[in-house]
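K.L.:
What shape does this take:
(chains A, B, C, D and E, ligands or ions: 5)
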Amino acid sequence: MNQFLSLLLNGLSLGAIYALIALGFVIIFKASEVVTFMQGSLLLLGAYLIARLSEPIGFWAAAAVGIVGTAAAAVLVERLLISRLRGAPVISLAILTIGVDLIILTEITRRIGSDILNVGHPWGGDAVSIGGVGITTNRALAIVVAGILIGAFFIAFKFSSWGIAMRAAAEDGEAAALMGIRLGWVSMVAWLVAGVLAAVAGLFATGSPTPGVTPAIWAVALAALPAAILGGLDSTGGALVGGLIIGVATAMAAGYQDQIAFLGRGFGEVVPYVVMVAVLLVRPSGLFGTRDVTRV
Amino acid sequence: MSDTSTATRLVKGVVLLALLVVLLALPLYVEEFWLRTGFAVFAAIIGAVGLNLLVGTTGQLSLAHAFFLAVGALTYVYVSGDPGGSAIEYGGFGLPPIVGMVAGVVMAGLAGVLFSPIAARLRGIYLGVASLGLVFIGQHLLNTWTSVSGGFNGRLAPAFDLFGFSFGGNEEPYLAVLGVPFGQAERLWYLGLALCALACWFASNLLRSRPGRALQNVRDSEVAASVMGVNVQEYKAKVFLVSSMYAGLAGVLYALSIGSVAPESFSLLLSVQYLAMIVLGGLGSVGGAAMGAAFVSALPLVLQQYSGSLPFIVEPGQPGIVASQAAAFLYGGAIVLVVMFEPGGLAGLARRLKRQPRPPQESPPVSTTSSAPADSSSGGTPR
Amino acid sequence: MSTTQLRKDVRPLTIDNVTVRFGALLALSEVSFSVEPGAVHAVIGPNGAGKSTMFNVLSGVYEVSEGEVRFGDEVLTGRKPHQIARLGVARAFQNIALSGSQTVVQNLMLGRHRLTTAGFVSAGLRLPKARNEEKRHTARVCEIAEFLELGNKLHVPVGVLSYGDQKRVEVARALSTEPRLLLLDEPVAGMNAEETARMAQTVLEIRDALGITVILVEHDMGMVMGIADRVTVLDFGRRIADGTPDEVQADPEVIRAYLGSGDETDPAAAAAHGTAEETP
Amino acid sequence: MMDETHAPILEVRDLAVTYGGVVQALRGVDITVGEGSVVALLGSNGAGKTTLLRTLSGTLKLHKGRVESGEVRYRGSSLKGRDPARCVADGLVQVPEGRRIFSRLTVEENLKAGGLGAKDKSTRAPAQERVYDLFPVLADRRTQRAGLLSGGEQQMLAIGRGLMAGPKLLLLDEPSLGLAPRIIGQIGEVIREINRQGTSVLLVEQNATMALGVADTAFVLDVGKVSLQGPAVELAQSDAVQRLYLGHGAEETEAAAPRAGTRKTLARWKA
Amino acid sequence: EEGGGDTTSEDGVKIGRGIEGDTISLGSLTDLTGVFAALGADITNAQALYWKTLNAGDKICGTYSVDEIVKDHGYDTQRGIQLYSSFKEDVLAIEQTIGSPINTGLAQQLEADSMVNIPGAWAQSLTEVAENTVVGSTYEVEMINVLDYLLEEGEIEEGAKIGHIYFEGEYGEGGLAGSEFFAEQHDMEVVEVQIQPTDTDMTAQVTKLESEGVDVIAITVAPGQTASIAGVAAASGLDVPIAGNNPVYAPGLLDTPAGDALKANLYVASPVAPFDQKPEILKAYQAEFDNDPTLGVMFGFAAADVMRQILEKACDDGDLTPEGVLAAKESIGTVDTGGIAVPLEFIVGESPSNASYIFKADDVPGGAVSVSDLYEGDDVAAFVEGG
Ligand SMILES: Nc1ncnc2c1ncn2[C@@H]1O[C@H](COP(=O)(O)OP(=O)(O)OP(=O)(O)O)[C@@H](O)[C@H]1O
Ligand SMILES: Nc1ncnc2c1ncn2[C@@H]1O[C@H](COP(=O)(O)OP(=O)(O)OP(=O)(O)O)[C@@H](O)[C@H]1O
Ligand SMILES: CC(C)C[C@H](N)C(=O)O
Ligand SMILES: [Mg+2]
Ligand SMILES: [Mg+2]
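P.N.:
Ligands and ions are numbered 1, 2, ... in the order given. I've put the predicted structure just below:
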């Protein structure tokens, strides 16, 4: 039972990090219908900046610079590349982000070399106990911060016209422009937000119990993709729920690996995808995604 | 109108013929490395042309291609390979390689048909990522099913031969043309060229005829297609069949080009590379897929081969940028540049060189959205 | 009725008590009427009355909640769209649903789908059978394009054609299936008066030359009253009138629900103003 | 009728536009819209009507079109290089051709989107109420996905959405498309109504009866050039307009043609 | 293909492929941009430094300097194999091939080309190919050694429960086979947990081991996971020794929040001595490069030194053709690298050594201190015989 609770808590905290990244996918998708493949390298960039700067300027300043820097990088990509390709097939834009991702990833991998960079969180490897179950402070904070950020976006979408502007711009840019929606602005803000979210996710993804910044954390973003899909790619709430489901499923599959060993060792790795496919078979647009309706 | 179209067709024919002649003569002049790279490119072209039928022509976004390649490759090594393995033992039927090749193609096709009902429920990016699930599940299966796959490190692939003519291994019977001995690399080159040409020819015929038109209309509007008498589900299943048969053949050639197969090779990365091929090449056209495949599969190698001569490159071990990192930068940059200047893919570039009129909705709208691609019936579409 | 020589296999169409629901919305409510073989039968009614929904039922895109549609002896309801297409029911869409990147001929050749047989193998290998078939049907399709005044645009991608021409391609594609029953949904929307007249003419030609049944949905009353043999009027999913053009035009219910005063240029008569200010 | 002496809200001078540098869509167009007037713009398919509106609203470059020469002045200042969002903020609002509603948004969200460009936020709620009054069917369908509306309902939504921004100059591209006759009459009335409230209107129409009925002046565009212009009532009497746009005289052709045998016919398919 | 283009040099040594004048070319198939980039960079750096020093001094046979052709495959099998074909005509032997699947894929070609090759890995299956020159004990032997050391030192007892976290694949399964064999000998039980190289958070895995009540954690993973395992174990109060194969450790781990836990509990078996035994190598390396070196550096030196000795032997035998080099490798007997690596003896199909260095993590230059000299577990002999 204790193991179960512990796995559950751990899964939720992991899921909170996935949710942050998934929300980045969702926001860019909402604003442009592009699925970005850059979240991984943005996350890495954010974590790298924070880790490199926390020694000279202290953790909090480094965190601020890292988040701003990552957001700036995302905005730069949007301004220099994405915004100039308005009207291009979205699938081409997705491939473009792969190219950019490769460049950033290569450069940061080169800079990190064989080191494992320590981010220097003030909470270090501390742990807290919730209901008798231990969890690192880092992860507990991740849950709180993800909850706050996602809640804020949920409210922003619900009670402002920002969400409508984004979805309108994504569906038909020209018509949206004719409504006075500033396409460049909508898209830029979306990328900026995705950059911020990636950096925040990177901040927590590289804290205890993960050792620090290695190029491998790039792959965390990969696990967040099924989370975003499962929740529904255009749903803020879906990003949260999807992230948590994937987080918990992953933790459970790892923790109860003997019980599912009949499916083959290492089955845990495919669990996120199995969960996602199962959900999609029942709900083809994810749990909370907008259903696809057309008529003639 | 038809005058100019026969003229362009003539030009196209001449260009293709010239290309074929060059490709036929190449083994007489270039080194083995390039022939091997060429063979890998041929394999990639076959796979990309198949994927393009599915994604570009029919609008079914699939990232499962790596899985179908794996089915083809593994079936080949199992059917034509011998039992063996030291640490991990694996089985094999040891049948003639041509049997293995055909079996690989058929099994991959079968896998595609089995997947198509799932695919039929999903659309756009949801289909894309769900199909990615197949890749992960497939890799897990291969890692677990060691008696077939040889486990994590994989197993050797038997060399190909056809009626006693060997394409690898023993190089028999001995053959030399114009004084150039035709060894494994040369022979494989021709095998790849022949299969690739056949695959491209078949696909372009398909696109220009009844099934191709039906598939394109399924992409543009499923409802319209079905009202015109196209059985949409059946066609989707069929295109999955054909596309994964192409993937299966590509998988067999992939095994031959590496000489071994390991589950790890058939990863998400491979699927994404195939998608990049057809997008960078230009969705919907056979020539585009071929160009994209050459671009994606050969460029990293070419760059690595030559980036050493760039001025700012340091020897491995020195601080700075080493050749392979430069190659990665250049490759990433090349992808960005292609999309920036030809969002519709390299095929658009070729077309521009030919200065043909350019229809406004050139690149078929494969959207990653949940909605059917550019469905005019959704009411919001302009005329 | 005209002097048309009917195609022998053209049958009467019977719509029997058809109801279509979308949640609480009754898009069609117990609608019944029948269409004589070889007639031009118009279906009119206000926006949202259920005309396109009726077409969606006839072509199998929507399932009925209740009721039945019969084409001769064949029951259409419950069949898939492609099965209905094989029975010779063709449709031109209200919102253009062509393949924009394909040429006019290629779009029309899709119409030949049900009449041709080339499969993946024979087409991919360019077997003689497939090639001959392709040639024969291409020739026919060019005739049809010619007939719809598209003769000089055969190899133009339809995406660059003007709206009017695209509408013509829609009609031509439906004709290319050699239908027994042709459904036209607003074929002259976006056309000016002269072009409308030409399209009206074409519809009559189709009926007369091919001897098939045409069901026409259109808001252009000039055209409808000019060429329809019979008119059914829908309002809020219900059939409110059915008769000859003259009868229907005189029906007060139809005037109230649909036609308005008839003189649109006189703003005082239009109900609009009243609506704007008197709706509670 | 409007007074012709009003200062123009819009002046188009010698405007030439090409697409992709090759297709000459407009070849020297001069058009004036007087402050507070309704101007109709007629022309057959491909004449360049939509192109003109795109130039005004700043969306031309989204279609790879370019202004080659000439100039456009809106309320005294040049529109050159002004982006669509600025145009809307300045009160220049276009209702695009072919509906272009946001099919995945609900009806109400579509209207909200239409109001995003309005400078004065307080006008949004009353504007929305007014649209619902004009088209009660939209009010019934507030929460329905717009893509599921019937063709005509979508057209009503498109027009309603355009009204949400509180335009000073409204550009309407074929608003009557796919609408029932009674609603077309209603649209004509709406145009007059908003005009009375101070909005100038440039109306592109195929339905010349309606357009000439509500317009003060009219222009006819023919392959990229203005071929006819004048007060709407006068233009309605001209031969060309009568024949091509009002359909008078068409009936005769229609009746005569089949017997004359000049029309192409189609033989039955035997196989 | 040139066929047998062998010639004889002035001093009577037969030479062929891969020797041009006084220069021997060696190939290197490494990973500088993929998942093992960190390891690949260190090995590559070290080897470059080794040859640089050698070329400036004694050279091979007093005559030949060494030139490297380094290719980066980014851990992509297909690319690795294509890159092999790009240089196989130009190199005499290969001093480094990272990636088990790539080594497996190349096996046939290595045999056909008589290409002596030093894999950057220690899997049992690699020893089956005569050309492969595995520098160190196999993963199995390593794991037995480190567990035996813990038993010897009283850190664990007979009948203990071993929790083993391991990678999918040959590396992980090799380590697991070692601990399973060891457990059998000592009445122990193994709880296995498989992970993927991409996993970074080990909470769930450690939680499982904790609930199973294990007495020692064996790990066959990569450094990132090591830190996570130690950190989570410490946080949850699972204070047991951690026994690892050589690739589990990197000195950079000491800067992570898990640093203290690692210093307290981690024991690693390694084919190469930690830096505290060879401070001169660390110094030389740090003079040239500014990164925090891992044991990959020691391995790079050791591998280069083994290659040098084989080439010297071949030269002495008068045959520096590939076949000559292969023959030299097979007949060289025990190779002593002067205490960089364990003593090696190459017999096809067998672990080249039974010994390992055992070290603990510590805040010293190089991040590790040896806790014993060469260590050979009592059970290793039995394991090697039992096959
Ligand atoms: N798939 C659907 N889901 C929900 N409502 C629908 C659907 N299809 C049609 N409707 C509704 O049913 C009613 C009838 O629509 P239909 O398209 O048949 O009208 P129509 O008579 O063709 O109108 P128009 O003349 O404007 O084209 C409309 O109110 C529409 O909103
Ligand atoms: N995006 C484009 N690219 C190239 N040519 C175009 C484009 N849009 C329009 N054209 C061409 O410009 C000319 C004018 O088109 P426009 O759409 O302005 O006509 P229109 O008067 O609005 O016609 P309609 O009544 O059919 O709406 C036509 O010849 C058309 O083919
Ligand atoms: C260093 C080791 C972890 C290398 C690993 N055996 C591989 O796959 O290459
Ligand atoms: Mg309709
Ligand atoms: Mg227009």
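
K.L.:
and the closest residue to ligand 1 within the stretch 151-271 of chain D, what element?
P.N.:
Using CB to the nearest ligand atom, residue D:152 is the residue of the stretch 151-271 of chain D that sits closest to ligand 1, at 2.6 Å. To be clear about C-beta, it is placed using only N, CA and C from the backbone, and glycine gets the same treatment. With secondary structure defined by DSSP states H and E, residue D:152 is part of helix D:151-163.

K.L.:
From the chain's centroid, how far away is that helix?
P.N.:
Here helix D:151-163 is found 12 Å from its chain centre; the criterion is CA atoms, centre = their mean, to the nearest Å.

K.L.:
do the helix or strand just after that helix and ligand 2 meet at all?
P.N.:
For helix D:151-163, the succeeding helix or strand toward the C-terminus, using DSSP H and E, is strand D:169-173. No - counting by CB under 6 Å from any ligand atom, ligand 2 has no neighbours in strand D:169-173; the shortest distance is 7.2 Å.

K.L.:
Listing partners with orientation, what would you give for strand D:169-173?
P.N.:
In the sheet, strand D:169-173 lines up against strand D:92-95 (parallel), strand D:200-204 (parallel) (DSSP bridges).

K.L.:
which secondary structure elements does the helix holding residue D:152 contact?
P.N.:
strand D:92-95, helix D:107-115, helix D:124-134, helix D:136-140, strand D:169-173, helix D:181-196 (3 or more CB pairs under 8 Å, 6 or more residues apart in numbering or on different chains; DSSP states H and E).

K.L.:
now the last one and helix D:124-134, what's the angle there?
P.N.:
On the basis of axes from the mean of the first three to the mean of the last three CA atoms, to 10 degrees, helix D:181-196 is oriented at 150 degrees to helix D:124-134.

K.L.:
Let's see helix D:181-196 as CSV, backbone CA atoms only.
P.N.:
Provided in CSV are the C-alpha atoms of helix D:181-196 (Å, rounded to 0.1, in the frame of the first residue of the first chain):
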residue,chain,number,x,y,z
PRO,D,181,-34.8,35.5,-51.3
ARG,D,182,-36.5,36.8,-48.2
ILE,D,183,-33.2,37.0,-46.3
ILE,D,184,-31.6,38.7,-49.3
GLY,D,185,-34.2,41.4,-49.0
GLN,D,186,-33.4,41.5,-45.3
ILE,D,187,-29.7,41.9,-46.0
GLY,D,188,-30.5,44.8,-48.3
GLU,D,189,-32.4,46.3,-45.4
VAL,D,190,-29.6,45.8,-43.0
ILE,D,191,-27.2,47.5,-45.3
ARG,D,192,-29.5,50.5,-45.4
GLU,D,193,-30.0,50.5,-41.7
ILE,D,194,-26.3,50.5,-40.8
ASN,D,195,-25.7,53.0,-43.5
ARG,D,196,-28.3,55.2,-41.8
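
K.L.:
Tell me which stretches of chain E form helices.
P.N.:
E:37-56, E:77-87, E:100-113, E:139-152, E:170-185, E:203-212, E:223-235, E:259-265, E:279-288, E:295-316, E:322-331, E:380-386 (DSSP state H).

K.L.:
Switch those over to JSON lines; also include distance to residue D:205.
P.N.:
As requested, the helices of chain E are exported to JSON lines (distance: least, CB to CB, whole Å):
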{"stretch": "helix E:37-56", "distance to residue D:205": "66"}
{"stretch": "helix E:77-87", "distance to residue D:205": "62"}
{"stretch": "helix E:100-113", "distance to residue D:205": "69"}
{"stretch": "helix E:139-152", "distance to residue D:205": "81"}
{"stretch": "helix E:170-185", "distance to residue D:205": "74"}
{"stretch": "helix E:203-212", "distance to residue D:205": "67"}
{"stretch": "helix E:223-235", "distance to residue D:205": "68"}
{"stretch": "helix E:259-265", "distance to residue D:205": "77"}
{"stretch": "helix E:279-288", "distance to residue D:205": "80"}
{"stretch": "helix E:295-316", "distance to residue D:205": "77"}
{"stretch": "helix E:322-331", "distance to residue D:205": "85"}
{"stretch": "helix E:380-386", "distance to residue D:205": "91"}
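
K.L.:
Of those, give the one that comes closest to chain D.
P.N.:
Set against chain D and scored by CB to the nearest CB, the helices of chain E come closest in helix E:203-212, at 38.7 Å.

K.L.:
buried set for the closest one?
P.N.:
Residues of helix E:203-212 classed as buried: E:203, E:204, E:205, E:206, E:207, E:208, E:209, E:210, E:211 (neighbour count, 16 or more other CB atoms under 10 Å in any protein chain shown).

K.L.:
quick one on the thing from earlier: deepest of the strands paired with strand D:169-173, which one?
P.N.:
Neighbour counts (mean count of other CB atoms under 10 Å in any protein chain shown) averaged over each of the strands paired with strand D:169-173 peak at strand D:92-95, with a mean of 29.

K.L.:
got the contact list for that strand?
P.N.:
In this structure, residues lying in contact with strand D:92-95 by CB atoms under 8 Å, 6 or more residues apart in numbering or on different chains are A:178, A:180, D:53-54, D:56-57, D:59, D:74, D:79, D:87, D:117, D:158-159, D:161-162, D:165, D:167-173, D:175.

K.L.:
re earlier: quick one: closest of the helices of chain E to residue A:227.
P.N.:
helix E:203-212 (16.8 Å; CB to CB).

K.L.:
angle of the closest one against helix E:223-235?
P.N.:
Using the same axes, to 10 degrees: helix E:203-212 against helix E:223-235 is 50 degrees.

K.L.:
Helix E:203-212 near chain A at all?
P.N.:
Yes - for helix E:203-212 and chain A, the contact criterion (CB under 8 Å from any CB of the partner chain) is met by E:203, E:204, E:205, E:207, E:208, E:210, E:211.

K.L.:
okay if I get the strands paired with strand D:169-173 as CSV plus distance to residue C:78 and mean pLDDT?
P.N.:
As requested, the strands paired with strand D:169-173 are exported to CSV (distance: least, CB to CB, whole Å; pLDDT from 0 to 100):
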stretch, distance to residue C:78, mean pLDDT
strand D:92-95, 41, 94
strand D:200-204, 44, 95
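
K.L.:
Tell me which of the ones you listed approaches residue C:224 most closely.
P.N.:
So among the strands paired with strand D:169-173, strand D:200-204 is nearest, using CB to CB, at 24.3 Å.

K.L.:
Format the CA atom coordinates belonging to stretch C:216-229 as PDB.
P.N.:
Once non-C-alpha atoms are left out, stretch C:216-229 reads as follows in PDB (Å, rounded to 0.1, in the frame of the first residue of the first chain):
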ATOM      1  CA  LEU C 216     -32.500  20.900 -57.800                       C
ATOM      2  CA  VAL C 217     -32.000  22.900 -54.600                       C
ATOM      3  CA  GLU C 218     -31.700  26.600 -55.400                       C
ATOM      4  CA  HIS C 219     -32.500  30.000 -54.000                       C
ATOM      5  CA  ASP C 220     -32.600  31.700 -57.400                       C
ATOM      6  CA  MET C 221     -36.400  31.700 -57.900                       C
ATOM      7  CA  GLY C 222     -36.000  32.800 -61.500                       C
ATOM      8  CA  MET C 223     -34.200  29.600 -62.300                       C
ATOM      9  CA  VAL C 224     -36.300  27.400 -60.200                       C
ATOM     10  CA  MET C 225     -39.700  28.600 -61.500                       C
ATOM     11  CA  GLY C 226     -38.300  28.600 -65.000                       C
ATOM     12  CA  ILE C 227     -37.200  25.000 -65.300                       C
ATOM     13  CA  ALA C 228     -38.800  23.000 -62.500                       C
ATOM     14  CA  ASP C 229     -41.500  20.600 -63.400                       C
END
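
K.L.:
quick one, phi psi at residue C:27?
P.N.:
When read as degrees, to the nearest 10, the backbone of residue C:27 gives phi -80, psi -30.

K.L.:
I appreciate the help and will end here.
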